[in-house]
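Student: Build me a model:
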Amino acid sequence: MSELLLRAGRIFTGDTVLRDGWLRVEEERIAEISSTEPRTSASARRLEAPHATLLPGLIDCHVHLSLGGGPDWLTEVQESYALTCWKSALRAREMLRAGFTTVRVLGGKNGIDVALRDAQAAG
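Tutor: Numbering: from 1, shown residues only. Below you'll find the model as predicted:
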């Protein structure tokens, strides 16, 4: 079993902020968040991040990945299908890197958002 123990300067749990908190991950899932060091296996990988702040994945309930939201939306609507697919994938990656782990798409162009969802689900 793969196990990770991460010590962070701050952990936002959704209810409170733990200072100098601990996060234990088992098989890619958070198993425990604690203000004291949890018990782990001897083979657990340990990371120290005293200046880091951890927080749950953010949720955005209104996005349009196939549209950039810029002032020249008419030009965007006329872009090629391939270019819009590429930009949509980049926007999804940017959102993930910004901390959003869930998005709700409220419309898109040519089914690109649905195709992107299906491609992500397929790995």
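
Student: hang on, residue 8 packs against residue 50?
Tutor: Yes: judged on CB atoms under 8 Å, residue 8 makes contact with residue 50 at a distance of 7.5 Å. In short, each C-beta sits where N, CA and C put it, glycine included.

Student: The two - which one has more neighbours?
Tutor: Legend: neighbour count by other CB atoms under 10 Å for residue 8 and residue 50, higher for residue 8 (22 against 9).

Student: neighbours of residue 116, just the number please.
Tutor: Applying other CB under 10 Å, I find that residue 116 has 19 neighbouring residues.

Student: for residue 92, same thing?
Tutor: Residues near residue 92, counting by other CB under 10 Å, number 20.

Student: tell me the SS of it?
Tutor: helix (DSSP: H, G, I helix; E, B strand; the rest coil).

Student: surely it meets residue 115?
Tutor: No: using CB under 8 Å, residue 92 is not in contact with residue 115; the gap is 11.5 Å.
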